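A.B. asks: Sharing a model prediction with you, sequence too.
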Amino acid sequence: MKKYILLKMIEIGKLHRNLCNSYFMKYNISPSSPLILEILKENDGISMNELAHLIKRDNGSITSSIKTLEKKGFVIKTKDFKDKRSNLAFITEKGKKAVEIIQSYHEEVEEKGFKDFTKEEKVTFLSYLNRIEKNLLQKI
């Protein structure tokens, strides 16, 4: 059977996601939360529309995710006083601690995945991934 490189990359991505999801569930961090929390830590007080744009998800799914994160105490959602139609999301101290857990585990998984790679090999690999992404973003 022919093995496609991109399918292998997808398999590795699924493995990474499954490892992370099972670990994060121990801390009550749902699968959709890590990226949102990391973005909020860097852009505290961002609008829900901006957040949806950065994550490339629709406003409805962001609203649902933020509502869940708010119930868990990771974020606070408030009305934008400049634009009453818009909501802003702020990360709490609990959310910041969750980001530390997320980033620490991502680093651990990356170290494990690349344990036998030299620094140069990692740089080269990343350049290949960037080229693949660029190629796939062009219309076929």
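C.D. replies: Structure received.
A.B. asks: show me what contacts the residue nearest to the spatial centre of the chain?
C.D. replies: When CA atoms, centre = their mean is applied to the chain, the residue found nearest the centroid is residue 35 (2.5 Å). By CB atoms under 8 Å, 6 or more residues apart in numbering, the contact list for residue 35 reads residue 55. The C-beta positions use only the backbone N, C-alpha and C, and glycine is treated the same way.
A.B. asks: Can you name every helix or strand that the helix or strand where residue 20 lies contacts?
C.D. replies: Assigned by DSSP states H and E, residue 20 falls within helix 5-25. For helix 5-25, the packing partners by 3 or more CB pairs under 8 Å, 6 or more residues apart in numbering; DSSP states H and E come out as helix 33-42, helix 93-113.
A.B. asks: Please repeat the previous calculation with a cut-off of 7 Å.
C.D. replies: For helix 5-25, the elements it packs on are helix 93-113, judged by 3 or more CB pairs under 7 Å, 6 or more residues apart in numbering; DSSP states H and E.
A.B. asks: Mind listing what's buried along the helix it packs on?
C.D. replies: Going by neighbour count (16 or more other CB atoms under 10 Å), the buried part of helix 93-113 is 95, 98, 99, 101, 102, 105.
A.B. asks: Relative to residue 8, which of the residues you listed is nearest.
C.D. replies: Using CB to CB, residue 105 comes nearest to residue 8 of the buried residues of helix 93-113, at 23.1 Å.
A.B. asks: Test my guess that the closest one contacts residue 23.
C.D. replies: Yes. With contact defined as CB atoms under 7 Å, residue 105 and residue 23 form a contacting pair (5.4 Å).
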